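Engineer: Sequence and computational prediction follow.
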Amino acid sequence: GRMVVELYNETPAYRDNFLKLVREHYYDSTLFHRAIPGFMIQGGDPDSRKADDRTVQLGNGGPGYTLPAEIRPSLIHRKGALAAVRLEDDVNPEKRGSGSQFYIVQGRKWRAADLQQLEDRMNADRPDSAEVHYTPDQMKTYETLGGSPHLDGNYTVFGQVVEGLDVLDVIANQPCDGMDRPFADIRMWMRVLQ
């Protein structure tokens, strides 16, 4: 299927890097190597291009660099959000994102009361400057479209699927092995439309 993604100007380092990699055909023939229904699909590992052996865990490859975090409170993990994969806080306290690996959120719909409880839990251990506070519009988006709000404030969201959410759903719901890799390889090819 076909997905069209809009990149955000609010995250210029990630926008420009992604466009550069697409123009260089970096992603062509790589896999969506991870799919978790109700959560997300992940790709961008160049090692997946030739990954015939299912005993090899994918998700560790990249271009050899990371990017500084560009986490913006206005850019949330709603369904279709395009965001940068990153290492955990204990080895990456600056929340630097992968130079190539990304995920696209499928998520689920949230009730306002549950979202408020999640917001309270997320903010319990965060300094004021890193707290997550949802606007009424963001809460409505999570209620009607869905997403993965537990990721907000921790990962750089740098784009949004504007066409092809049905394709996202098909990929996310593929049967997978124990490492969340779809049994049937799902390859991607990308190009810049403008």
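Structural biologist: Thanks, I have it.
Engineer: ranges for the helices of this protein?
Structural biologist: 12-23, 112-123, 136-144, 165-172 (DSSP state H).
Engineer: hmm, who's touching the last one?
Structural biologist: If you take Cβ atoms under 8 Å, 6 or more residues apart in numbering as the criterion, helix 165-172 is touched by 1-3, 32, 35-41, 79-80, 104, 106, 161, 182, 186. Where C-beta positions appear, they are placed from N, C-alpha and C, glycine not excepted.
Engineer: switch the cut-off to 7 Å
Structural biologist: Where contact means Cβ atoms under 7 Å, 6 or more residues apart in numbering, the residues beyond helix 165-172 that reach it are 1-3, 32, 35, 37, 41, 79-80, 104, 106, 161, 186.
Engineer: give me the number of residues near G59?
Structural biologist: Using other Cβ atoms under 10 Å, G59 has 19 other residues around it.
Engineer: Please tell me how far it sits from R181.
Structural biologist: According to Cβ to Cβ, to the nearest Å, G59 and R181 sit 9 Å apart.
Engineer: Quick check: neighbours shared by the two?
Structural biologist: By Cβ under 7 Å, 6+ apart, the residues touching both G59 and R181 are H33, R34.
Engineer: Tell me which helix or strand in the protein has the weakest average pLDDT.
Structural biologist: helix 112-123 (a mean of 94; mean pLDDT, DSSP states H and E).
Engineer: Buried residues in that one, which are they?
Structural biologist: Neighbour-count burial for helix 112-123 flags L115, L118, E119, M122 (criterion: 16 or more other Cβ atoms under 10 Å).
Engineer: what do you get for stretch 81-98?
Structural biologist: So stretch 81-98, judged by 16+ other Cβ under 10 Å, has buried residues A81, L82, A83, A84, V85, R86, K95, R96, G97, S98.
Engineer: Check those residues and tell me the two furthest apart.
Structural biologist: A81 and R96 (18.6 Å; Cβ to Cβ).
Engineer: so N92 touches V85, yeah?
Structural biologist: No: counting by Cβ atoms under 7 Å, N92 sits too far from V85 to count as a contact (10.9 Å).
Engineer: Report the beta-bridge partners for the residue nearest the centre of the chain.
Structural biologist: For the chain, the residue sitting closest to the mean C-alpha position, by Cα atoms, centre = their mean, is Y103 at 2.7 Å. Counting by DSSP bridges, Y103 forms beta bridges with Q42, A83.
Engineer: I'd say it and A81 touch.
Structural biologist: No: contact criterion Cβ under 7 Å: Y103 and A81 do not qualify, at 8.6 Å.
Engineer: other SSEs contacting the least confident helix or strand of the chain?
Structural biologist: With contacts defined as 3 or more Cβ pairs under 7 Å, 6 or more residues apart in numbering; DSSP states H and E, helix 112-123 has these neighbours: helix 136-144.
Engineer: so what pLDDT did the closest residue to A84 other than its chain neighbours get?
Structural biologist: Distances taken as Cβ to Cβ, 6 or more residues apart in numbering place G97 nearest to A84, at 3.0 Å, with adjacent residues excluded. We have a pLDDT of 97 for G97.
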